[in-house]
Each structure stands twice: as structure tokens, then as C-alpha cells.
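J.: task: produce atomic coordinates for the following.
(chains A and B)
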Amino acid sequence: NAGVTQTPKFRILKIGQSMTLQCTQDMNHNYMYWYRQDPGMGLKLIYYSVGAGITDKGEVPNGYNVSRSTTEDFPLRLELAAPSQTSVYFCASRGANYGYTFGSGTRLTVV
Amino acid sequence: DQQVKQNSPSLSVQEGRISILNCDYTNSMFDYFLWYKKYPAEGPTFLISISSIKDKNEDGRFTVFLNKSAKHLSLHIVPSQPGDSAVYFCAASPSNDYKLSFGAGTTVTVRA
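T.: Numbers count the residues shown, from 1 in each chain, chains lettered A, B, ... in the order given. Below is the predicted model:
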């Protein structure tokens, strides 16, 4: 059972470049989330989705976009990468209870 | 605005002794609380949870205590083992919400 799969694991971007962080889950969970973790900080919610076709902003959505065309996939798009977006990004999904299942993360560096 | 606070960034404990991790929250609407454990280069994994109708929940070596009046919860690990060395995140949510708020984490190091 794969759970939540994130790709890529590592990426270096130049300022102004764009990229998509991929996230897919095979647990048929309706709820999916994108968090970022900065050093010494907790996980900050970027965007979330309560089902296919429905997304909403979290605490720190600026500079990001998401889509949810299927239950399985929840990609995160960075349009114009900035050094402030250097972080570790985690995708998560949630089933009927409150426990989240997290992916292993994407470490992004913007130079 | 940090609604969930873990004021101790790190904790070092000897193997076999008790580890106590603390967490404070400010949002009185929170009524479901969770602890997650994270190893380097991995995503957080669920450890234990407690709802506001309880003041204690136990699962093996892990016990979570909730003091609603103080808006405080703690995680006890007894006895601590080397494999417990990790970052521990406290998280909370209102029951009518599906988003968790996370603390900054506490890095636990268990010394042999």
C-alpha cells in the first residue's frame, strides 16, 4: 500500500522558474492538504481540498496554486519561484478520522 | 499567529527514562489533539490522539494528557528508547473543521 506519494524528493529552482509538485494518494481520501515546513517552524497550511473539484486557501497560499481534478491527485504549482519558497513541502490526505497520512516530502531550494 | 505552541525546541533524555513533551494552545475551539512523530527525510506519522472529552489516552509506551482549563497537553514516553529519537509535532483541530494546526516541533534525542 503506497499511501501518499510525492515527487520529486528534491529540486533546485532558479528564481522566476516554475514547477509542479506532484502528490497522489491511493486511499480514496476526500481531504488532501499541502503544508510547508520551514526550519524551526511548524507545518504551515498552503492549500487544501475537501474533494475533487474543490480547493481552498490555507494560511500561506501566496505564490502557489493547486487543482484537484481527481480524488487521487493534488498537484501544487509554483509559478514564479522566489527564495522565500525554499522549504520542505508535505502533502497529506485524511480519511474518516482526524489522522493525516503524509507523504515523504519534497525539499525545494530556490537560488 | 501560532495557535499551537511547543516552547521546547529540543529535549535530551537517557534511555530508559521518561520523556515529557509539552504543548500549549490558544484556540478554545480546539477539541481534538494529535501527536505526530517525524524522522529525518520522512513525512510525519501519526502517533497518538485525544479528544476533549478525555483527559488521558494511553497507547503502549505513549500517554497523552490533556488539561483543557490550562489549554495544555503533554506527551509522556516511558521508557524512552533510542528509536524514539525524532521530531514530535503537536497538532490540534476543532471538531467541525478538517484542518490541523501544528506546533513547531520538539526534537527528542535519546542517549544510550
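
J.: what ranges do the strands span in chain A?
T.: Under the criterion DSSP state E, chain A contains strands at A:4-7, A:10-13, A:19-25, A:31-37, A:43-51, A:54-57, A:64-66, A:76-78, A:87-94, A:100-102, A:106-110.

J.: any idea which of the ones you listed gets closest to chain B?
T.: Closest approach to chain B among the strands of chain A (C-beta to the nearest C-beta): strand A:100-102, 3.2 Å. For every residue, glycine as well, the C-beta is placed using N, CA and C.

J.: what number of residues lie near residue A:11?
T.: 17 (other C-beta atoms under 10 Å in any protein chain shown).

J.: contacts only, for it.
T.: A:19, A:106-109 (C-beta atoms under 8 Å, 6 or more residues apart in numbering or on different chains).

J.: same deal with residue A:72?
T.: A:24-26.

J.: just the buried members of the residues you listed?
T.: A:24-25 (16 or more other C-beta atoms under 10 Å in any protein chain shown).

J.: which of the contacts of residue A:11 sits closest to residue A:87?
T.: Distances from residue A:87 to the contacts of residue A:11, taken as C-beta to C-beta, are shortest for residue A:108 (6.2 Å).

J.: so what's the closest one closest to, chain neighbours aside?
T.: With C-beta to C-beta, 6 or more residues apart in numbering or on different chains as the criterion, residue A:108 has its nearest non-adjacent residue at 5.2 Å, and that residue is residue A:11.

J.: try residue A:73
T.: residue A:24 is the one closest to residue A:73 (C-beta to C-beta, 6+ apart), at 5.0 Å.

J.: so for residue 5, what's the pLDDT?
T.: All of this refers to chain A. pLDDT, residue A:5: 96.

J.: oops, I was thinking of chain B
T.: So residue B:5 comes in at 95 (pLDDT).

J.: over to residue B:99?
T.: 88.

J.: what sits against it?
T.: A:33, A:45, A:48, A:58, B:93.

J.: for chain B, what are the nearby residues on chain A?
T.: A:4, A:6, A:31, A:33, A:35, A:40-45, A:48, A:50, A:58, A:90, A:92, A:94, A:98-105 (C-beta under 8 Å from any C-beta of the partner chain).
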